[in-house]
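*Asks:* Predicted structure and sequence below. I'll ask about it afterward.
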Amino acid sequence: MFEFIDKFMPGLLEMLLPRASSYAVQIDVLFDVITILVGFWFFLVLGYFFYLIFRYRHRDGHKAEYISGETHKQKQAIEIPHYLILACDVAIIIPTFLVWYNIKIEVPPPDEEIRIISQQWAWTFQHAGADGVLDTPDDIRSVNELHVKNNTQYTYHLESRDVMHSFSVPVFRLKQDAIPGRVISGHFKPILTGEWDIQCAEMCGVAHGIMGARIFIKSEAEYAAWIEANTPETAQKELLAVNEETISEAKEDPNNG
Ligand SMILES: [Cu+2]
């Protein structure tokens, strides 16, 4: 339904940032509906306000008028817009409930899980690793880098080590507070490959402003290659190989010792 309504919407947020999650379109439609309805009344009321000030101003031979708003006609000038604005409220509340239900209540079963740990002032991401299961020895941990596979349904578990933070991925239209002592779960499904910003959206201390990270949305092949290169066992082997090389180079170096 939201995809259909989107065809008639200006896509205000999409002009600034692409949509990279399956539910981004719903948030964008809601944003457009609110912006258009509120914007319409904002400009109408301001325009009418200045028109009245000008129309009934003090002029030579003409006193400034004081209108108490007591006659039936004057009351109607308040009542009619009042009911129209209430109708706009309903037009906002109905899609709001739908979006809330679709995103927050109806959680699709995950293909993969991910743990997100916030702290002053960095993000730690625990990826499920090659077996696709979280909390196993092949998990891959990274700081300020979240790597996900395109077209995969994720459930995230968000934690905080110290104060309140907020996990914000603008390109997903996702923002979720992290609260110390609680594990908050949510979901997303990337639909667009690329690299974008993650930011902390809750004032969390002096370095809050630089508590950023990057999200890398990869194709299946790219993600497999990243898993291969970063699986703890492989990474350790590579490190050992580099160490051995350094040692043998050091031995061959005649200047050494
Ligand atoms: Cu923070």
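*Replies:* Structure received.
*Asks:* Any idea how many residues pack against the residue lying closest to Gly11 once chain neighbours are set aside?
*Replies:* The shortest distance from Gly11 to any non-neighbouring residue, by CB to CB, 6 or more residues apart in numbering, is to Asp28 (6.5 Å). For the C-beta atoms, the positions are set from N, CA and C on the backbone; glycine is no exception. For Asp28, the neighbour count with other CB atoms under 10 Å is 21.
*Asks:* Asp28: which element?
*Replies:* Asp28 is part of helix 24-55, with elements assigned from DSSP states H and E.
*Asks:* helices or strands up against that helix?
*Replies:* If contacts are counted by 3 or more CB pairs under 8 Å, 6 or more residues apart in numbering; DSSP states H and E, helix 24-55 sits against helix 2-6, helix 72-100.
*Asks:* Please verify my assumption that Gly11 contacts Phe31.
*Replies:* No: taking CB atoms under 8 Å as the definition, Gly11 is not a contact partner of Phe31, at 9.5 Å.
*Asks:* The protein against the ion: which residues are in contact?
*Replies:* Taking CB under 5 Å from the ion, the part of the chain that reaches the ion is made up of His165, Cys200, Cys204, Met211.
*Asks:* domains of this protein?
*Replies:* The chain is divided into the following domains under automatic domain parsing: 2-105, 112-243.
*Asks:* Dump the ones you listed to a markdown table, plus distance to Ala250.
*Replies:* Rendered in a markdown table, the data for these read as follows (distance: least, CB to CB, whole Å):
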| stretch | distance to Ala250 |
| --- | --- |
| domain 2-105 | 47 |
| domain 112-243 | 10 |
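*Asks:* Would you mind finding the most buried of those domains?
*Replies:* Burial among the domains of the chain, expressed as mean neighbours by mean count of other CB atoms under 10 Å, is greatest for domain 112-243, which shows a mean of 17.
*Asks:* still on that earlier bit, make TSV out of the residues of the chain next to the ion and add pLDDT and secondary structure.
*Replies:* Output for these, formatted as TSV (pLDDT from 0 to 100; DSSP: H, G, I helix; E, B strand; the rest coil):
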residue	pLDDT	secondary structure
His165	96	strand
Cys200	95	strand
Cys204	94	coil
Met211	94	coil
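*Asks:* residues making contact with stretch 100-107?
*Replies:* Contacting residues not belonging to stretch 100-107 are listed as Tyr23, Gln26, Ile27, Thr155, Ser185, Gly186, His187 [CB atoms under 8 Å, 6 or more residues apart in numbering].
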